[in-house]
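[1] pasting the structure only:
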């Protein structure tokens, strides 16, 4: 029996399929986080050549190195080992979002670009612009988060990040089976009321996002747009 400890550079050919899957996950998550191989190597405490070997599937990281990689990439050690969620839909990148909203009680369809940054099941969302309408017309920049459930449902929140705009609320979207778009609704505080809701679409192009909004209104109905006037609720003497 050989008790010689493994060298960090020694190739480990045991469980080759897992090595390949682990390498693919390291590369994919590093890309999603916009992290270079050099940056990952520095966080983990190994050389950049070692990271290249892991990603190429030439080697499997030893336990302590694997834990450090998992922490740096914000994934579980189990996931890093290639056992789960290797086929999670990747949504990172620039998208278009279209909204059925209102301005002074009248329906308005807006669209804007957003950047999605995915970390496991958590997706950070931030607008790149106010989009098709100005601030005076009801457009505003916002940020938010969504969580991916079962590769199918996105649940989250949004909050304005634009001057004195106070809009904020919740998001619910259902993903297309191939992850090419998502259809859903938003509900929240708006200039037009305390509880306002409407259709929302996530797509790769502005034309598609707006077309999907039009299709939702045509097939499901425009009644998704609902507005509750500003109210503080019923007082005790209202009965």
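    Sure, I can see it. Keep in mind that what you see is a predicted model, and the values were worked out from it rather than measured. Residues are numbered from 1 along each chain as shown.

[2] Scan this protein for its longest strand.
    strand 106-119 (DSSP state E).

[3] That one - which strands sit beside it in the sheet, and in what orientation?
    In the sheet containing strand 106-119, its partner strands are strand 93-103 (antiparallel), strand 122-127 (antiparallel), by DSSP bridges.

[4] what separates residue 175 from residue 122, distance-wise?
    Per Cβ to Cβ, to the nearest Å, residue 175 is found 15 Å from residue 122. (C-beta placed from N, C-alpha, C; glycine too.)

[5] Give me the more crowded residue out of these two.
    The residue with more neighbours, out of residue 175 and residue 122, is residue 175; 21 against 13, by other Cβ atoms under 10 Å.

[6] isn't the more buried one right up against residue 182?
    Yes: if you go by Cβ atoms under 8 Å, residue 175 and residue 182 touch, sitting 4.7 Å apart.

[7] Find the residues that touch each one of the two.
    residue 154 (Cβ atoms under 8 Å, 6 or more residues apart in numbering).

[8] how near is the spatially most central residue of the chain to residue 148?
    For the chain, residue 123 is the residue whose C-alpha lies nearest the centre (Cα atoms, centre = their mean; 2.5 Å). Separation of residue 123 from residue 148 (Cβ to Cβ) stands at 6 Å.

[9] cool, residue 22 as well?
    21 Å.

[10] Comparing these two, which residue is more hemmed in?
    Higher neighbour count among residue 22 and residue 148: residue 22, with 25 against 21, using other Cβ under 10 Å.

[11] Surely the more buried one forms part of a helix?
    Yes: assessed by DSSP: H, G, I helix; E, B strand; the rest coil, residue 22 belongs to a helix.

[12] which ones are touching it?
    Residue 22 makes contact with 54, 57, 60-61, 80-82, according to Cβ under 8 Å, 6+ apart.

[13] among those residues, which are in helices?
    54, 80 (DSSP state H).

[14] could the contacts of residue 22 be laid out in a markdown table, adding distance to residue 194?
    Shown next, in a markdown table, are these (distance: Cβ to Cβ, whole Å):
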| residue | distance to residue 194 |
| --- | --- |
| 54 | 51 |
| 57 | 54 |
| 60 | 55 |
| 61 | 52 |
| 80 | 45 |
| 81 | 48 |
| 82 | 48 |
